[in-house]
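In: When you get a sec, could you give me coordinates for this:
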Amino acid sequence: MSTFKIPPIKTLIACISSPNQPIGARMRAAYHLKQIYQLPDTSDQTKLLIVDTLGTQVDRKEHGELMSHEIAYVMGQIRDKRGLKYLMETLRNRDNTTIVRHEAAEAIGAIGEEEGLEMEGCVGEEDDVEVVETVGIAVEFIKWRLKGESTEENMPIACACMTKKYDSTDPAPPHPSHSGMTYSELGGVIRDSSRGLWERYRAMFSLRNMGGGQAATELGRALVEDESSALFRHEVAFVLGQLQHPDGLPYLVECLRRKDEHPFARHEACEAVGAIDGDWETIEAVLKEFEKDGQRIVAESAMVAMDGRDYFGVLGGGEGEDGGFTTLKHGEGGEGDEIIGREGVINGHFNTVGAA
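Out: Below is the predicted model:
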């Protein structure tokens, strides 16, 4: 098995703190910091350093909205409540873009602390609907956790839809009532715009956990048929990226090619395309089609997707990559100089966050 070493933490911090670094390098820095945080022997002092590093970078406009939103996502995934102050401020700041504020709200929900409920006071009628919808779902998630419904004792595993195969903290859990439902029945739930987003999200993650081509097809139909919520479509694209199933690719490409689609959804579809298993030449051709897209976040997403595939998936990494991300020799770097498998790197990279 191919292995990679996480670069030294000082290298990662220097990279993510430098907006002039290539966005692919900064993205890798964010996810490597997440990996260091989650290592079992990482000290609390180092964890706090990582939280504060991410927190001071999340609201830096020089990074651009794609990078800022990705930092917020990582902060939600490490689930350290010491990051809440940074995320709340990012959500409150109406100078931030919709995508950045959305990701901050979702991260607050992922952390799951009661004080996160204060985010309801951070939005109002003047805010974009995507931000308001995100806050609503995040509040539902926090309340669900606080009620104790998130414990395994209250979530009987009766079918594949309840078996969590992914290491991401999701914005909504599958529901026990989905046990025994067919792919098409769950697909009907997620495509029913008369239902609330919380209910549709729960069905979405049940479908993802079931996996396979049928799940990708039902989710793909939801992506291209939905007209109710850009937030919903962007989450569907994210989940298709997690599935990595080739049957989802045509739907992602259709979403990406819709110039009237919200950049919210197009950018997520673009990153998801890069995560799909399959013929790299075909996928690369799609991504190259959009690397000069008129919407910056879409163009950057295409570049990031190609960077991730080249660095971790296709070329297998190696020395001489930009931003100082070379394969470390044994013993270099101190804390954080950790060997990890290729699969572990890919599954922790960008929106793949794949099967545990």
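
In: Does residue 109 touch residue 136 like I think?
Out: No: using Cβ atoms under 8 Å, residue 109 is not in contact with residue 136; the gap is 9.9 Å. Where C-beta positions appear, they are placed from N, C-alpha and C, glycine not excepted.

In: more crowded one of those two?
Out: Neighbours per residue (other Cβ atoms under 10 Å) separate residue 109 from residue 136, with residue 109 holding more: 30 against 18.

In: so where do the helices sit in the stretch 101-250 of the chain?
Out: 129-146, 183-190, 197-210, 212-225, 230-243, 249-257 (DSSP state H, counting those that start in this stretch).

In: Buried ones in the first one, by neighbour count?
Out: Yep, that's helix 129-146 we're talking about. For helix 129-146, the neighbour count (16 or more other Cβ atoms under 10 Å) marks 130-142, 144-145 as buried.

In: circling back: most tightly packed of the helices of the stretch 101-250 of the chain?
Out: helix 230-243 (a mean of 27; mean count of other Cβ atoms under 10 Å).

In: what is the orientation angle of that one with helix 183-190?
Out: Here the directions of helix 230-243 and helix 183-190 differ by 150 degrees (axes from the mean of the first three to the mean of the last three Cα atoms, to 10 degrees).

In: What is helix 230-243 packed up against?
Out: Contacts defined by 3 or more Cβ pairs under 8 Å, 6 or more residues apart in numbering; DSSP states H and E place helix 230-243 against helix 129-146, helix 197-210, helix 212-225, helix 249-257, helix 263-275.

In: among those helices, which is nearest residue 118?
Out: Minimum separation from residue 118 across the helices and strands packed on helix 230-243 (Cβ to Cβ) falls at helix 129-146, 9.9 Å.

In: check which helix or strand covers residue 298.
Out: Per DSSP states H and E: residue 298 is located in helix 296-308.

In: From the contact counts, what lies against that helix?
Out: Counting by 3+ Cβ pairs under 8 Å, 6+ apart, helix 296-308 packs on helix 23-38, helix 65-78, helix 263-275, helix 280-289.

In: among the ones you listed, which is the most enclosed?
Out: helix 263-275 (a mean of 28).

In: how many neighbours does residue 94 have?
Out: Neighbours of residue 94 using other Cβ under 10 Å come to 14.

In: ditto for residue 46
Out: Neighbour tally, residue 46, other Cβ under 10 Å: 17.

In: Need the contact partners of the one helix or strand it maps to.
Out: Here residue 46, judged by DSSP H and E, is contained in helix 44-57. The list of residues contacting helix 44-57 from outside it, by Cβ atoms under 8 Å, 6 or more residues apart in numbering, reads 9, 13, 16-17, 30, 33-34, 36-37, 63, 68, 71, 74-75, 78, 80, 82-83, 85-87, 335-336.

In: just stretch 78-88 next, same as before
Out: 34, 37-38, 47-48, 50-52, 54-56, 58-59, 72, 75-76, 104-105, 107-108, 110-113, 115-116, 118-119, 122, 169.

In: For the stretch 51-200 of the chain, give me the ranges with low pLDDT.
Out: Of all residues in the stretch 51-200 of the chain, those with pLDDT under 70 make up the ranges 149-164.

In: Contact partners for residue 222?
Out: Listed by Cβ under 8 Å, 6+ apart, the contact partners of residue 222 are 187, 190, 191, 204, 232, 233, 236.

In: The first one is in contact with residue 207, isn't it?
Out: Yes: with contact defined as Cβ under 8 Å, residue 187 and residue 207 form a contacting pair (7.0 Å).

In: Could you name every residue contacting both of those two?
Out: Contacts common to residue 187 and residue 207, judged by Cβ under 8 Å, 6+ apart, are 218, 219.

In: For residue 136, which non-adjacent residue is spatially closest?
Out: Closest residue to residue 136 apart from its sequence neighbours, by Cβ to Cβ, 6 or more residues apart in numbering: residue 197 at 7.1 Å.

In: tell me the contacts of the one you found?
Out: 133, 136, 137, 229, 231, 232.

In: Can I get these in CSV including distance to residue 98?
Out: Listed next are the contacts of residue 197 as CSV, based on distance: Cβ to Cβ, whole Å:
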residue, distance to residue 98
133, 11
136, 15
137, 15
229, 13
231, 9
232, 14
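
In: Closest to residue 217 out of the residues you listed?
Out: Among the contacts of residue 197, and counting by Cβ to Cβ, the member closest to residue 217 is residue 232, at 17.3 Å.

In: Pretty sure the closest one sits against residue 200.
Out: Yes: Residue 232 is within contact range of residue 200, at 6.5 Å (criterion: Cβ under 8 Å).

In: Now do the end-to-end distance for stretch 270-279.
Out: 16 Å (Cα to Cα, to the nearest Å).

In: and the helix holding residue 46 with helix 65-78, angle?
Out: Going by the same axes, to 10 degrees, helix 44-57 makes 150 degrees with helix 65-78.

In: Pull the distance from helix 44-57 to the chain's centre.
Out: 19 Å (Cα atoms, centre = their mean, to the nearest Å).

In: What sits closest to residue 306 if chain neighbours are left out?
Out: Residue 306 sits nearest to residue 287 (Cβ to Cβ, 6+ apart), 5.1 Å away.

In: ok, now which ones touch that neighbour?
Out: Contacts of residue 287 (Cβ under 8 Å, 6+ apart): 270, 273, 274, 302, 305, 306.
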